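Student: got a sequence here, can you build the structure:
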Amino acid sequence: MTPKQLLRIAVALAALLFLWGLVQLFGHKTDTTTARFDLPRLNVADVDTIKIFRPADTLVVARGEGDSWTVNGFRASTQSVADLFTALKDSSLAELVAENPSSHAQLGVDSTKGKRLELIKASQVLLNLVLGDHGPGFEGVYVRRPSEPTVYLIHANLSNPVERQLDDWRDKEVVAVNPDSVREIRVERRKGGYTLRYGDGGWRFAAGARADSGAVRRMLEQYRHFQAGGFPTRAQEDSIHFTRPTRRMTLMGPSTPLADLLFDSTSTWWWVRQADGGYTYRLESWRLDQLFPADSTLRAKPDTAKKAKADTTKK
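Tutor: A predicted model of the protein is given here:
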């Protein structure tokens, strides 16, 4: 290689190094910012209203009496509310990913795709965020403040509570009954109902036959925290009638009913509702045998030891 060629290579390398230096000095200027992404540290007690604005709908979660909440007028799940605040506590780690509004649509934080979350106390907005797509590997979520173009990736599970549908925010607990409080069980079917009463340390059928207390207990445990699978649509609710229910379960305390539930079915689902009205819940058919075991499965099994002794005496 001639000295002239070596000189040309050296000049080219010097030019490349100069250009690389310029890129390092100015090229990342638009990717850095002094802005911080600090979310307020909020607990459930700090907020009385949660608003979630989505392209297809809006959810308004409002505090009721005590620890209760409603969502769009329905009773809300307190666990869903707690999940939202748990996710907020995990959002301290944030990465700056964009500063230009042209990236908003790609990251899902624009006005078309973005989901806006507001936390409010006494008409004061304590938190206002626009949430977009999930981050790489489905971890974290892209967020920005509505008044700012800067987009961050926060490593928190905020997408889950914000993307939940109305039915997933609603409380699915049909009834909650402590099995130890039940003194009488009345089961009505179109065929084959029965009544069980507790006394003298055990359960017996109304006619006097001894019941298997363990089996009765397993049935009652189904009502300790009886959770439904969901709710009917408006069209389905119009076709559900409890005037002649297929089944009825009444759990009596010492003097008053602890639960009185009507069960009915359509071509696709089973439905349950309190006898005095209220919400209608969707129920999977496979749960019916647990909620309404056949009376034959509740009858006490013969005592094999006593039977063997009786057979020996006869001999």
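Student: could you use CA atoms for every contact and neighbour count after this?
Tutor: Fine.
Student: residues near R210, how many?
Tutor: By other C-alpha atoms under 10 Å, 18 other residues sit near R210.
Student: what segments of this protein are helices?
Tutor: Assigned by DSSP state H, the helices in the chain fall at 3-22, 78-89, 104-107, 159-163, 166-169, 213-221, 234-238, 288-291, 295-298, 304-314.
Student: can you flag the weakest of these by average pLDDT?
Tutor: Ranked by mean pLDDT, the helices of the chain bottom out at helix 304-314, which scores a mean of 46.
Student: max-length strand in this structure?
Tutor: Scanning the chain for the longest strand, with DSSP state E as the assignment, gives strand 124-134.
Student: quick one: strands adjacent to that one?
Tutor: strand 115-121 (antiparallel), strand 141-144 (antiparallel) (DSSP bridges).
Student: buried sites along the longest one?
Tutor: Meaning strand 115-121. Buried residues in strand 115-121, counted by 16 or more other C-alpha atoms under 10 Å: K115, R116, L117, E118, L119, I120.
Student: residue contacts, the fourth one?
Tutor: Counting by C-alpha atoms under 8 Å, 6 or more residues apart in numbering, E118 makes contact with I50, K51, I52, V125, L126, L127, N128, L129.
Student: test my guess that the fifth one contacts I120.
Tutor: Yes: here L126 lies in contact with I120, judged by C-alpha atoms under 8 Å, at a distance of 5.5 Å.
Student: contacts for stretch 231-242, please.
Tutor: Contact with stretch 231-242 is made by D167, L262, F263, D264, S265, T266, W271, T280, Y281, R282, as judged by C-alpha under 8 Å, 6+ apart.
Student: what's the spacing between the third one and L39?
Tutor: In this structure, F263 and L39 are 47 Å apart, going by C-alpha to C-alpha, to the nearest Å.
Student: who has more neighbours, these two?
Tutor: F263 (24 against 14).
Student: so what's that one closest to, chain neighbours aside?
Tutor: V272 (4.5 Å; C-alpha to C-alpha, 6 or more residues apart in numbering).
Student: and R217, by the same measure?
Tutor: Nearest residue to R217, sequence neighbours excluded (C-alpha to C-alpha, 6+ apart): P179, at 7.1 Å.
Student: and the one you found, what does it touch?
Tutor: P179 touches R217, L220, E221, Y223, R224, counting by C-alpha under 8 Å, 6+ apart.
Student: and the first one, how far is that from R186?
Tutor: Just to be clear, that refers to R217. Distance, R217 to R186, by C-alpha to C-alpha: 14 Å.
Student: then the last one?
Tutor: R224 sits 17 Å away from R186 when distances are taken as C-alpha to C-alpha.
Student: of the contacts of stretch 231-242, which is the nearest to A76?
Tutor: D167 (9.1 Å; C-alpha to C-alpha).
Student: show residues contacting stretch 243-260.
Tutor: If you take C-alpha under 8 Å, 6+ apart as the criterion, stretch 243-260 is touched by 175, 177, 181-190, 261-265, 274-275.
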